[in-house]
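Undergrad: Dropping the sequence and predicted coords here.
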Amino acid sequence: MLVFNTVTSIISSRTRTFEAASFSRYIIPFVISIIFLVYSVYVIVLSKKMLLKFEYAYILAISLMTSAGVLVQLFLGKTAFIWCSSSFTIIMMFIIIQQRELYRDSLTGVRNRVVLKKCLDSYGRRQDEQLSIILIDLDYFKNINDSYGHMEGDHALRTFARLLQKVYSDNGIVIRMGGDEFLILIYDLSPAKVSELIAKMAKMVEKYNIRCGKPYMLKYSSAHGTYKNDMSMEQFIHEIDLKMYDHKNSRKRKVWGTEHEF
């Protein structure tokens with residue numbers, strides 16, 4: 001950035017637009033500032049699905065405030081607003097990044113339970129979108145830990161979380177509930193589309209198991225549902241949880257010698 005600023009300053013010496021009092025203004029730094037601002041807003045909008053709604057709103061608002069500072073300087077040329085607004089943006093972005101770490105699971109990199117509460121509280125106030133929830137529990141995780149060590153168990157969790165992110169991150173939020181259990185929040189997607197994502201996840205895990213070369217396979221139990229207003233959110237999640245454990249128990253009953261199948 002230092003080299004970049006130096007070069008633009010040298011170039012600007014030949015592109016002076018006008019003089020006012022005892023200082024001069026140049027067009028190139030101003031144009032560069034505009035380009036960076038427009039590009040930053042473009043990247044933010046493009047990354048909307050990767051951000052929580054409140055994160056997206058905060059970041060976009062801060063970028064627009066910086067843009068407003070540039071426009072103010074354009075029309076009130078005697079006062080420098082670009083550097084003030086840019087400094088404010090950097091400070092606020094740092095705060096947002098710090099807060100974002102509070103919402104991230106340190107082992108897997110997905111969101112944590114704090115995010116679940118924030119999202120459900122926000123949905124409870126609006127309820128203007130269809131909400132689907134998928135609960136997923138990694139099977140035989142204890143066997144992986146006991147047989148191959150906790151380092152390998154952590155690797156299995158990170159790998160599984162990465163697969164979940166690949167499938168669901170464009171349409172939902174992947175949250176680690178704790179241990180080997182994950183929850184996915186999906187907004188405004190039909191039950192048929194949710195089922196397609198679930199089938200896609202099953203195929204992706206199957207492909208991974210074939211190619212990974214590990215002495216164990218990733219297996220999981222899951223259940224899902226679409227929220228209706230005839231029950232509380234806690235009851236809704238509890239019912240999906242019961243369905244998931246029914247699925248897990250039925251899978252175990254179908255496999256003879258489950259203790260060794262992992």
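TA: Great, that's in hand.

Undergrad: Without its sequence neighbours, what residue ends up closest to Leu185?
TA: Spatial nearest neighbour of Leu185, excluding adjacent residues (Cβ to Cβ, 6 or more residues apart in numbering): Ile173 at 4.6 Å. From N, CA and C alone the C-beta is placed, and that goes for glycine too.

Undergrad: quick one: buried residues of the helix or strand containing the one you found?
TA: Following DSSP states H and E, one finds Ile173 within strand 172-178. Across strand 172-178, burial judged by 16 or more other Cβ atoms under 10 Å covers 172-177.

Undergrad: Mind giving me the packing neighbours of it?
TA: helix 113-126, strand 131-139, helix 150-168, strand 181-187 (3 or more Cβ pairs under 8 Å, 6 or more residues apart in numbering; DSSP states H and E).

Undergrad: and the angle from it to strand 131-139?
TA: 40 degrees (axes from the mean of the first three to the mean of the last three Cα atoms, to 10 degrees).

Undergrad: quick check: mean pLDDT across strand 172-178?
TA: For strand 172-178, mean pLDDT is 92.

Undergrad: Would you mind pulling the contact partners of it?
TA: By Cβ atoms under 8 Å, 6 or more residues apart in numbering, the surrounding residues in contact with strand 172-178 are 52, 105, 107-108, 110-113, 115-116, 119, 132, 134-135, 161, 164-165, 168, 182-187, 189.

Undergrad: what do you get if the cut-off is 6 Å, keeping everything else the same?
TA: Residues outside strand 172-178 that contact it (Cβ atoms under 6 Å, 6 or more residues apart in numbering): 105, 108, 110-111, 115-116, 164-165, 168, 182-186.

Undergrad: what's the distance between Gln130 and Lys117?
TA: 20 Å (Cβ to Cβ, to the nearest Å).

Undergrad: Compare those two and say which one has the larger neighbour count.
TA: A count of neighbours by other Cβ atoms under 10 Å puts Gln130 above the other of Gln130 and Lys117, at 15 against 10.

Undergrad: tell me the phi and psi of the more buried one?
TA: As for Gln130, its main-chain torsions (degrees, to the nearest 10) stand at phi -80, psi 130.

Undergrad: between the strand holding Ile173 and strand 181-187, how big is the angle?
TA: Using the same axes, to 10 degrees, strand 172-178 lies at 160 degrees relative to strand 181-187.

Undergrad: Just the CA trace of strand 172-178, in PDB.
TA: Output of strand 172-178 as PDB, limited to C-alpha atoms (Å, rounded to 0.1, in the frame of the first residue of the first chain):
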ATOM      1  CA  GLY A 172     -28.300 -21.900   5.400                       C
ATOM      2  CA  ILE A 173     -26.200 -21.600   8.500                       C
ATOM      3  CA  VAL A 174     -24.200 -24.600   9.900                       C
ATOM      4  CA  ILE A 175     -24.000 -24.600  13.700                       C
ATOM      5  CA  ARG A 176     -22.200 -26.900  15.900                       C
ATOM      6  CA  MET A 177     -24.400 -27.600  18.900                       C
ATOM      7  CA  GLY A 178     -21.700 -29.400  20.800                       C
END
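
Undergrad: Surely Ala223 touches Leu242?
TA: No - the pair Ala223 / Leu242 is not scored as a contact, 8.1 Å apart, by Cβ atoms under 6 Å.

Undergrad: For those two, indicate the residue with more neighbours.
TA: Higher neighbour count among Ala223 and Leu242: Ala223, with 20 against 12, using other Cβ under 10 Å.

Undergrad: Using the three-state scheme, assign that one.
TA: Of the three states, Ala223 takes strand according to DSSP: H, G, I helix; E, B strand; the rest coil.

Undergrad: mind listing what it touches?
TA: Going by Cβ under 6 Å, 6+ apart, Ala223 touches 135, 240, 243-244, 247.

Undergrad: Low-confidence stretches in the stretch 51-200 of the chain?
TA: Counting by pLDDT under 70, the stretch 51-200 of the chain contains low-confidence ranges at 51-58, 70, 73-74, 76-83, 85-86, 93-101, 124-128.
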